[in-house]
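*Asks:* My questions are about this predicted structure, shown below with the sequence.
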Amino acid sequence: MIGTLVHAWLTAAFLAPAGLAGYAVWHHFEPWDLTPPRELTANVDRIVIDKGLRTMAVYRDGEIQKRYGIALGFAPEGDKLQEGDGRTPEGIYRIDRRNAQSSFHLSLGIDYPRAEDRAEAAANGVSPGGDIFIHGQPNRVQDNMMIPGDWTAGCVALTNAEIQELFRYTPIGTEVEIRP
């Protein structure tokens, strides 16, 4: 009995550091992105932006088609409260315009502010802001480059090559869910 306990203790003492290291490494690289790195070939009908993970997933008929890394507003924590706060709004929106002449390569407009966003801002005596887009990099930046960090005024930024692909397959009316 004592031999079994000693054996169990020695095994645990020997394996624990490796187990803890494995756990730490596993969770450092979470979530695992198993989305195929395919090109879009048809229109998408839903876009889900996860602010915390800095990812944007695009869907067609409920199936994920592609995932992109993104940059957000310069102060991305929390929901957008007022113009100039550097936050990206949270909630369910729609693509309501497309701009091929954008200062940020190409852009897809999001229908922010909604009536409830305007009402909340009015109750606080501030402007809700507007002109929230999914867009590329400033026009002077090369297609596959991305300005590091969160730098927009509240928009969602991709590389120019990525917004070209998304712009091609995102019609007006596409649902956009922005999660915290």
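*Replies:* Thanks, I have the structure now.

*Asks:* Tell me which residues of the lengthiest strand in the chain come out buried.
*Replies:* Longest strand in the chain by number of residues (criterion: DSSP state E): strand 91-99. Residues 93, 95 are the ones in strand 91-99 that count as buried (16 or more other CB atoms under 10 Å). Glycine gets a C-beta too; all of them are placed from N, C-alpha and C.

*Asks:* Same question for stretch 122-136.
*Replies:* Quick answer for stretch 122-136 (16+ other CB under 10 Å): 128-130, 132-136.

*Asks:* out of these, which one sits closest to residue 103?
*Replies:* Of all the buried residues of stretch 122-136, residue 135 has the smallest distance to residue 103: 8.5 Å, by CB to CB.

*Asks:* Lowest mean pLDDT among the helices and strands, pick that one out for the protein.
*Replies:* In the chain, the helix or strand scored least confidently by mean pLDDT, DSSP states H and E is helix 2-28, which has a mean of 55.

*Asks:* Give me the distance from the helix or strand just after that helix to the chain's centre.
*Replies:* Downstream of helix 2-28, the first helix or strand assigned by DSSP states H and E is strand 46-50. When distances are taken as CA atoms, centre = their mean, to the nearest Å, strand 46-50 is centred 7 Å away from the chain's centroid.

*Asks:* now swap in stretch 153-168 and tell me
*Replies:* In terms of CA atoms, centre = their mean, the centre of stretch 153-168 is set 11 Å apart from its chain centre.

*Asks:* do the same with stretch 100-116
*Replies:* Per CA atoms, centre = their mean, the centroid offset for stretch 100-116 relative to its chain is 16 Å.

*Asks:* Repeat that for stretch 66-81.
*Replies:* 6 Å.

*Asks:* Straight-line length of that stretch, end to end?
*Replies:* Distance across stretch 66-81, first residue to last, is 30 Å (CA to CA, to the nearest Å).

*Asks:* List the buried residues of that stretch.
*Replies:* Buried residues in stretch 66-81 (16+ other CB under 10 Å): 66-68, 70-73, 76, 80-81.

*Asks:* any low-confidence regions in the protein?
*Replies:* 1-37 (pLDDT under 70).

*Asks:* Please identify which helix or strand holds residue 82.
*Replies:* Residue 82 is located outside every helix and strand, with elements delineated by DSSP H and E.

*Asks:* what's the nearest residue to it if we skip its chain neighbours?
*Replies:* Nearest residue to residue 82, sequence neighbours excluded (CB to CB, 6 or more residues apart in numbering): residue 126, at 3.8 Å.

*Asks:* and the longest strand of the chain, what does it pack onto?
*Replies:* strand 107-110, strand 132-135, strand 175-179 (3 or more CB pairs under 8 Å, 6 or more residues apart in numbering; DSSP states H and E).
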